[in-house]
Structure formats: C-alpha cells, structure tokens
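In: what would the 3D arrangement of this be:
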Amino acid sequence: MAVPAILPDQLPNGLQVIKKLLPQNLYSLKSPNGMNPTRIVVHNTYNDAPAINEINYMISNNLEVSFHFAVDDVNVVQGIALNRNAWHSGDGGSGLGNRQGIAIEICYSKSGGERFNLAEINACKLIAYLLYGTGWDIDKITKHQDYSGKYCPHRTLDLGWQRFLDMCRLELNKLLNTKEVYPVGTVVYNITDVLLESTVYENSTKAILPKESKSKVYKYFSKDSVLWMALGDMDDKPRSPAAWTKEIDKFVLNLPSEIDKEVSVLKKKIIDLESIIIEKDAKIGALNEELLKYKRS
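Out: Below is the predicted model:
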C-alpha cells in the first residue's frame, strides 16, 4: 500500500497523528503477523476515554485485543504499524478482519454527544486519507459487525451507517478535489464521444463511448494529480471492458432538449448573419471613403 506503515505527524487534511506504538516484545500477544491490508474495520470504544488513554490501555493490559488507531475529538493516536495485524474483529486467527483489516476505534461512544460527533468526523478524515493513499473506494470501509455479528460500532450504527459512509465520501472528495464533480451514483451524459479505458495505468483496453450515452458515476481515482472517473451502467455495474475516463469535462447532468438544440442552431445562424452584416457594412464604409477622396479631388 502507498500509505506508510507509520503515519506522518500531520495528514494532508490537517489531522494530527500521535504515535504510541506497541513495543516489539508484545507482538507475539497482540500483533503476531505481518499484514498487507485490504480493508478498514470501524469500531466504537464503548467508553468515554480520549484516544491516548485507549491506546495506553491496549498496550498495558495482558489481553490479546488490539487495534491500529484510536480517534477522539482532537487527535488520532496510532498504536500499531499498518504492516502488522491486530486482534479486533472477533473472526479468529485467520479471519479477514483480524488478518487484513486496519482497525479504527472511535472514542466517546458510550455517552455520545459533541465529543463523539467530532471524533467521528476525525475518523472520517483518517479513513479518507487511507482510502486516498491506497486508491481504495468507500466499499473498503467495513464494520466490526460484518465479521462477528457484534453490534459494533454501536453508536455509529444507531446514528446511521450510510450517514457515516457519506461523511467519509465527503472527506475523500476533499482530498480528490472533486467538489464540483458529480457524486457517485449520479446519472450523466457525455456531450461528445469520450475515450474509455479499462485501467488508469498503461496497456489498457480502450473503447469509445458514443456521444449522448447515459451512464452512472461509479467511482473516482486520482493518479499523478489527474482525476479519473469510472462509469457504470444503469444497474450500477461498471462498464465492460472499459469504464475509466479522464475527460470529465465532457459530461453533463442533462442533455439539451430538441427545442434547446433548435434554439441554439437559430442563435448561431443569427450570429453568423450579424457577422456578415458587420463585414458588409465595413466594406461599404471603406468604399464610401474611397468615393469621398475622388469627390474632394
């Protein structure tokens, strides 16, 4: 993954990261395996302690339970490097959550309130940074409940899981600089033929999306400071074999109606005629000037 195993002190979105890393002598108990992450797993602490306290307690006790990050209303505290696993999902020694998931604990969930609300926002900023750095999309955000059935993250679920995903999407869009780009799921039309590619990398399969095709925005990806948009069909499935385009400016929300097209044609004809008239008047004026010269002489 492109994200470093130990995060920088400050993320691009301004979030501060404190490092309080698990000592190596505790790896065998709390983080025994190397890890190549494939997902994010969201938890609520069911406690009212700040992030640094949660990490300190995780390190100091003799339980196997462990997690990569705790997030409160002010900071992120990292407790385990992202290239090592943590025990947090309740799906056993070989479960996808425990072996491939980046565990994020959101603080102050027991009582909720403003501190928890701010902690959720910070968690979304952290998640957006991880998604942006790895090229992952929102579908990589999972919850503890997905792996063991436990009702966790409890307060986040109470408030609405889709609401939380939408918050993460907003923070991701800020990093992608897509504030003016169509939200995922939006129906769009291309006003000219558009080049589609099967991947944002080299040696992609290419295809042409004919003018005025109807598509849905499937997801975004940023590569080398260029924003790519993936298109899906009306069944929310990616187009095959090619779905990616960087010609985002060729898409609109609504195609012009037939009346709008006729009006546009007429306006163009008027402009062309006016140009002819202006040119004709200029030529007549020049000829009149020539005539005046002869009259004066």
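
In: check contacts around the residue lying closest to Lys140 once chain neighbours are set aside.
Out: Once flanking residues are discounted, Lys140 sits nearest to Arg39: 5.1 Å by Cβ to Cβ, 6 or more residues apart in numbering. Placement of C-beta: from N, CA and C, glycine included. By Cβ atoms under 8 Å, 6 or more residues apart in numbering, the contact list for Arg39 reads Leu96, Gly97, Gln100, Gly101, Ile102, Lys140, Ile141, Thr142.

In: now do 10 Å
Out: 89, 96-97, 100-102, 136, 139-142, 146-147 (Cβ atoms under 10 Å, 6 or more residues apart in numbering).

In: for it, give me phi and psi.
Out: Per-residue torsions, Arg39: phi -170, psi 170 (degrees, to the nearest 10).

In: what are the bridge partners for it, then?
Out: Gly101 (DSSP bridges).

In: and which of the contacts of Arg39 is nearest to Leu165?
Out: The closest of the contacts of Arg39 to Leu165 turns out to be Ile141 (Cβ to Cβ; 6.2 Å).

In: what's the closest non-adjacent residue to the closest one?
Out: In space, Ile141 is closest to Ile40, 5.1 Å off (Cβ to Cβ, 6+ apart).

In: hmm, the one you found is touching Gly133, no?
Out: No - between Ile40 and Gly133 there is no contact under Cβ atoms under 10 Å: 11.7 Å.

In: and the longest strand along the chain, how far from the chain's centre?
Out: Criterion DSSP state E: the longest strand present in the chain is strand 214-223. Using Cα atoms, centre = their mean, to the nearest Å, the mean C-alpha position of strand 214-223 is found 10 Å from that of the whole chain.

In: same for that strand, what does it pack against?
Out: Secondary-structure packing of strand 214-223 (3 or more Cβ pairs under 10 Å, 6 or more residues apart in numbering; DSSP states H and E): helix 161-176, strand 187-190, strand 226-232, strand 244-245.
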